[in-house]
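[1] Build me a model:
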Amino acid sequence: MTLIQIPDTINSDLSLICGYTFNEPELSANEFVIVEDRASHRNYFGQVVGPQANLNRSALGPQDNATINAFEQLEQNNYAREVVVREVYFYQVNLIKDITQDPPSSVRLRPQIGSIARQATEDEIIGYLNLPPADERYRIGQIIDTNIGIYVNARTFYYQSLIAGATGSGKTNSCANYIRAALQMGFAVIIYDHKPDYQHIDRHNQDAIDILNGNRQIDQDTTWIEGVDADFYYLGEESTTFQGTPIAIPASEFDPAVLAAVMYYPPNETNSREEFETLLEEFDDERQADQNGNESVIWTLGDFYRWVTSYDSQNPNARQPPPHRRGGIDMRTYNAMVNKMTRRNRRPAWVDGGLPIRPTANPNGTRPRIASASAAAMGQDQTPQQPQYFDPTDLLQPGRALVIRVGQVGGGRDYGLFLNYMLKRVYDLKEQRQITFPVLHHIDEAQDLFNGSKQFASAIGNVLSEGVRKGRSRQIAFTIAVQSAAQIPDDILNNLNTRIIHRHNRASEAQRALEKAADAQISMTKNFGPGEALVDLFGASAVVNARMRLSPFQLTTEELLQQQEQQATSQSQRQRTTSPPR
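    Here you go, the predicted model:
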């Protein structure tokens, strides 16, 4: 197959060359070619930017009556197709590099009329695109209509990644292959599981094997279809739906600005939020000053409440600000702040492990007994104890995933607050060299972090932006998954150097993430099928159209969650019937 370059016009797009093929339409959109200019003795590397146009070599136009009449005879089988159609195929090719010399350079002279193009070989494509070297352990997909694999490496991860696509586009499969590749490289991977999708990743993906068998694509190498080592945790109350252990974290571990934005999120609570943040910082400073040694200071919102109200157990309703702030605080703001702090659903249930904010001691000094979800299932009640606080230090292991079900409550506030803790904690562990292996944060459905109140979105956005920007220096990588690239703030998007873009219902949203893609490539994203994506790897010279791999491990489905809940309920009922009476 050869393509021959045709003359330009004054209005030609000078980033493209146009050409004809006369034999078969063998070039696909996004395929790569080598252009040889025999007149100037220069060679170029280019990419076909869209499907071919099919032109008839007859001098008559497609709307001429003679053409219409001829095609009518063709439709009625009165003519053979070759009598009516003498076809030529028209292509547009984006010039990526001048490859006349090594190393390749940017295109400063265009190939001349009559230059010949051929399909590029696999080695040429990988070399001129500057793709990571082939390593089957790190394959995430392949260039569509070819057997050329797309691989990632540690450099890909450290320069941060965006994976975006509408529901059903195959985005989660791409995320799964990213996760597996990172684990294979010895990363510890933290998965913030939102929908959830990753509650069963310790199982291999039987669906992938069935699909490949059905398509007759299975070969001897199916080692990539496997479950991965994982630990499971979740935020919130005890659950029969999710496997794992519930998480509790003390309020002292959070950035005061983020905690304030979580608890005082309505737009009309600006004064309360700012006062809460200021007092929280003052309280923490006092506690730190009182601390002997280098051990961290742990305190809860209950401790803060007693401090900020000068709590008197003999007269709990006679609250007033701390002594040093009396006379220097607006009492209306103060009272509003204190009242709202103890309202239901302001503080996430897992903060402080559910310990009460407002003191609940009885006159005799005992604490009331409070029923929990698990105790209620057993027909019991329990007295809340000091919770076992979550610390990822010993859980993070190279080649092992930490799956944390973050849920959908609180409009993303729970998610953002927990992410604030984890980003800070992991960075500190790396800074102190308590962990020396690389870490990947996989932030699923990240749009929820930015869809809440303006104050909360700004607070968590600043935290995430700083983490993405500073992470590479500490071997901390980020993969951010969203439904649309338009949902990522600019300051974060600018630091996500690898982009995998699945189907977008609006081409303009995909364009924002892939500015170096051709218009014809962007327009294709509206019609992508499941698993198809435009991929722009960090350091690559062009955007490629890819078929992403199926997930290697089992992704969670509604049916699996229902089965798990039914099994847990049955087990609970058996325990109740076999438990001896109290």
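[2] Contacts only, for I522.
    Going by C-beta atoms under 8 Å, 6 or more residues apart in numbering, I522 touches 507, 510-511, 514, 534. Glycine gets a C-beta too; all of them are placed from N, C-alpha and C.
[3] One more pass at 6 Å, please.
    Counting by C-beta atoms under 6 Å, 6 or more residues apart in numbering, I522 makes contact with 507, 510-511.
[4] nearest to N205, of these?
    Within those, distances to N205 taken as C-beta to C-beta reach their minimum at A510, with 27.4 Å.
[5] Y192 versus the residue most central in space within the chain, what's the distance?
    The residue lying closest to the centre of the chain (C-alpha atoms, centre = their mean) is A481, at 1.7 Å. In this structure, A481 lies at 9 Å from Y192, with C-beta to C-beta, to the nearest Å as the measure.
[6] shared neighbours of the two, anything?
    Residues within reach of A481 and of Y192 at once, by C-beta under 6 Å, 6+ apart, are D444.
[7] can I assume G50 sits in a strand?
    No - secondary structure of G50, determined by DSSP: H, G, I helix; E, B strand; the rest coil: coil, with no strand assignment.
[8] Which stretches in the stretch 401-550 of the chain count as strands?
    With DSSP state E, counting those that start in this stretch as the criterion, the stretch 401-550 of the chain has strands at 401-405, 439-443, 476-482, 498-501, 532-536, 544-548.
[9] quick one, the fifth one and strand 544-548 angle?
    Orientation check (axes from the mean of the first three to the mean of the last three C-alpha atoms, to 10 degrees): strand 532-536 against strand 544-548 gives 130 degrees.
[10] Not counting its own residues, what contacts strand 532-536?
    Contacts of strand 532-536 with the rest of the structure, by C-beta under 6 Å, 6+ apart, involve 499-502, 514, 543-544, 546, 548.
[11] Quickly check the residues you listed for the two that are furthest apart.
    Pairwise distances among the contacts of strand 532-536 were taken by C-beta to C-beta; the largest, 15.5 Å, belongs to L514 and M548.
[12] okay, those two: which has more neighbours?
    Neighbour comparison, L514 and M548: the larger count goes to M548, with 28 against 22 (by other C-beta atoms under 10 Å).
[13] Report the contact partners of A188.
    Shown here is A188, whose contacts under the criterion C-beta under 6 Å, 6+ apart are 396-398, 439.
[14] if we can go back for a sec, which one of the contacts of I522 is nearest to S313?
    Using C-beta to C-beta, A510 comes nearest to S313 of the contacts of I522, at 60.5 Å.
[15] mean confidence for the strand ranked longest in the chain?
    With DSSP state E setting the assignment, residue counts place strand 87-98 as the longest strand in the chain. Per-region confidence: strand 87-98 scores 94 on mean pLDDT.
[16] And it, what does it pack against?
    For strand 87-98, the contact count by 3 or more C-beta pairs under 6 Å, 6 or more residues apart in numbering; DSSP states H and E identifies strand 16-21, strand 42-48, strand 53-56 as packing neighbours.
[17] any idea which of the ones you listed is most buried?
    Compared across the helices and strands packed on strand 87-98, strand 42-48 shows the largest average neighbour count, a mean of 23 (mean count of other C-beta atoms under 10 Å).
[18] hang on, the earlier thing: any of the contacts of A188 buried? List them.
    Buried positions within these, assessed by neighbour count (16 or more other C-beta atoms under 10 Å), are 396, 439.
[19] Check the contacts of A188 and tell me the two furthest apart.
    Of all pairs drawn from the contacts of A188, the one with the longest distance (C-beta to C-beta) is Q397 and V439, at 10.5 Å.
[20] And I150, which helix or strand is it part of?
    In the assignment (DSSP states H and E), I150 maps to strand 149-151.
[21] Could you give me the buried positions within that strand?
    Neighbour-count burial for strand 149-151 flags 149-151 (criterion: 16+ other C-beta under 10 Å).
[22] where's that strand relative to the chain centroid, distance-wise?
    Centroid separation between strand 149-151 and its chain, computed with C-alpha atoms, centre = their mean, to the nearest Å, is 19 Å.
[23] Mind listing residues that contact that strand?
    132, 134-135, 138-142, 546.
[24] Let me know the next secondary structure element after that strand.
    Scanning the chain past strand 149-151 towards its C-terminal end, the next helix or strand to appear is helix 154-158 (assignment: DSSP H and E).
[25] wouldn't A486 be in contact with S508 here?
    No - in this structure, A486 sits apart from S508 without contact. The criterion is C-beta atoms under 6 Å, and the distance is 7.8 Å.
[26] ok, these two, which is more surrounded?
    A count of neighbours by other C-beta under 10 Å puts A486 above the other of A486 and S508, at 17 against 10.
[27] Just give me the neighbour total for the closest residue to the more buried one other than its chain neighbours.
    Distances taken as C-beta to C-beta, 6 or more residues apart in numbering place E509 nearest to A486, at 4.1 Å, with adjacent residues excluded. Around E509 sit 19 other residues, with neighbours defined as other C-beta under 10 Å.
[28] Ok, N177 next?
    25.
[29] same thing with N23?
    Burial of N23, expressed as a neighbour count using other C-beta under 10 Å, amounts to 10.
[30] Return the distance of it relative to E466.
    Counting by C-beta to C-beta, the separation of N23 from E466 is 56 Å.
[31] hang on, isn't Y89 packed against L55?
    No - the criterion here is C-beta under 6 Å, and Y89 misses it with L55 at 7.3 Å.
[32] can you count the residues close to R118?
    Using other C-beta under 10 Å, the number of residues around R118 comes to 13.
[33] One more: E515?
    Using other C-beta under 10 Å as the criterion, the residues surrounding E515 number 10.
[34] tell me the contacts of it?
    E515 makes contact with no residue under the criterion C-beta under 6 Å, 6+ apart.
[35] got the contact list for I34?
    With contacts defined as C-beta under 6 Å, 6+ apart, the neighbours of I34 are 118, 120.
[36] where are the low-confidence patches of the stretch 101-250 of the chain?
    Judged against pLDDT under 70, the low-scoring parts of the stretch 101-250 of the chain cover residues 215-221, 237-242.
[37] who wins for proximity to R474 among the helices and strands packed on strand 87-98?
    With distances scored as C-beta to C-beta, the stretch of the helices and strands packed on strand 87-98 nearest to R474 is strand 42-48 (36.0 Å).
[38] on that earlier part again, parallel or antiparallel, list what pairs with the strand holding I150.
    Take DSSP bridges as the rule and strand 149-151 pairs in its sheet with strand 139-143 (antiparallel).
[39] what about L280, distance to R273?
    Noted for L280: a distance of 11 Å to R273, by C-beta to C-beta.
[40] And L3, by the same measure?
    Taking C-beta to C-beta as the measure, L3 and R273 are separated by 63 Å.
[41] next one: N315
    Distance, N315 to R273, by C-beta to C-beta: 28 Å.
[42] neighbour count winner among these two?
    R273 (24 against 8).
[43] just checking, next helix/strand downstream of the strand or helix carrying that one?
    Secondary structure assignment for R273, by DSSP H and E: helix 270-290. As assigned by DSSP H and E, the chain's next helix or strand after helix 270-290 is helix 301-308.
[44] Residues contacting that following helix, please?
    251, 279, 283, 352, 355-358.
[45] now do 8 Å
    Contacts of helix 301-308 with the rest of the structure, by C-beta under 8 Å, 6+ apart, involve 251, 279-280, 283, 286, 311, 321-322, 338, 341-342, 347, 351-352, 355-359.
[46] Please compute how far it lies from its chain's middle.
    When C-alpha coordinates are averaged (C-alpha atoms, centre = their mean), helix 301-308 and its chain have centres 37 Å apart.
[47] The helix or strand that that helix is followed by vs helix 301-308, what angle?
    Under the assignment DSSP H and E, the closest C-terminal helix or strand after helix 301-308 is helix 331-341. Here helix 331-341 runs at an angle of 160 degrees relative to helix 301-308 (the same axes, to 10 degrees).
[48] With only the CA atoms kept, save helix 331-341 in CSV.
    The C-alpha coordinates for helix 331-341 follow below in CSV (Å, rounded to 0.1, in the frame of the first residue of the first chain):
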residue,chain,number,x,y,z
MET,A,331,-21.0,36.1,70.2
ARG,A,332,-23.6,35.5,67.5
THR,A,333,-20.9,33.9,65.3
TYR,A,334,-19.6,31.9,68.3
ASN,A,335,-23.0,30.6,69.3
ALA,A,336,-23.9,29.7,65.7
MET,A,337,-20.6,27.9,65.3
VAL,A,338,-21.0,25.9,68.5
ASN,A,339,-24.7,25.0,67.8
LYS,A,340,-23.9,23.8,64.3
MET,A,341,-20.9,21.8,65.3
